[in-house]
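A.B. asks: Next comes the sequence, and after it the predicted model I'd like to discuss.
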Amino acid sequence: MSKVPDEASERSTGFVAHAQLLRREDVSRAIRRMAHEVVERNADIEQLVILGLQTGGVAFAHQLGADILAIGGVNVELGQLDVAYFRDDHERRPLTAATSTLIPVDLDDQTVLLVDDVLYTGRTIRAALNALAEWGRPRAIELAVLVDRGHRELPIRADFVGKNLPTSKHEAIVATLDGVWIGEVTT
């Protein structure tokens, strides 16, 4: 089993990996496949804005944008969205130092593709939808995630999924461009 990269360890304090589920090559292949799907689904790809959710989705958003450029020949607008202040679970997930939100263009009448690493309860995506309302009124909002692990608490689903990896509620997933690991969070 390879070592979980430091960037993943920093984001998930107390994560103990049990197994690596996807290697770097698997992650790259999944993102490339999602890029093909995004290009096929969005005939007006020039009107697409990709926003990576802080912190886990930003690297995936950049890779997805690079793959869309390679496939569709369009350099889509890329940004990042911090949803920390829009979450409804501050008691369980205390606020940490704020990261930045960078919205490169006016979102009105654009298709916004939110990108995150792992889709679990759906609460982060709900927070992202609330945050987006502060930045304009997109024509459509789509969601791409590298891993969908199930256990939704809200009626949210991803439009583009790299890999469905059903887990138990006691397990945790860490996803980076270097791979995907399953393990547990220790306190």
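C.D. replies: Ah, there it is. Just so it is clear, the model here is predicted, and its values are computed rather than measured.
A.B. asks: what about Pro138, neighbour count?
C.D. replies: Pro138 has 20 neighbouring residues, counting by other Cβ atoms under 10 Å. To be clear about C-beta, it is placed using only N, CA and C from the backbone, and glycine gets the same treatment.
A.B. asks: From the rest of the structure, what touches stretch 66-76?
C.D. replies: For stretch 66-76, contacts defined as Cβ atoms under 8 Å, 6 or more residues apart in numbering pick out 31-32, 34-36, 38-39, 45-46, 48-50, 65.
A.B. asks: 7 Å instead?
C.D. replies: For stretch 66-76, the surrounding residues in contact (Cβ atoms under 7 Å, 6 or more residues apart in numbering) are Ile31, Arg32, Ala35, His36, Val38, Val39, Ile45, Glu46, Leu48, Val49, Ile50, Gly65.
A.B. asks: who's in contact with the second one?
C.D. replies: This means Arg32. Arg32 makes contact with Asp67 under the criterion Cβ under 7 Å, 6+ apart.
A.B. asks: next one: the fifth one
C.D. replies: When the contact criterion is Cβ under 7 Å, 6+ apart, the partners of Val38 are Ile68, Leu113, Ala144, Phe160.
A.B. asks: still on that earlier bit, so which of the contacts of stretch 66-76 is the closest to Gly136?
C.D. replies: Using Cβ to Cβ, Val49 is the member of those that lies nearest Gly136, at 9.9 Å.
A.B. asks: May I have the predicted confidence score for the residue nearest to the spatial centre of the chain?
C.D. replies: In the chain, the residue lying closest to the centroid (Cα atoms, centre = their mean) is Asp116, at 0.6 Å. Predicted confidence (pLDDT) at Asp116: the value is 98.
A.B. asks: Just the buried ones out of the contacts of stretch 66-76, please.
C.D. replies: Neighbour-count burial (16 or more other Cβ atoms under 10 Å) applied to those gives Ile31, Arg32, Ala35, Val38, Val39, Ile45, Leu48, Val49, Ile50, Gly65.
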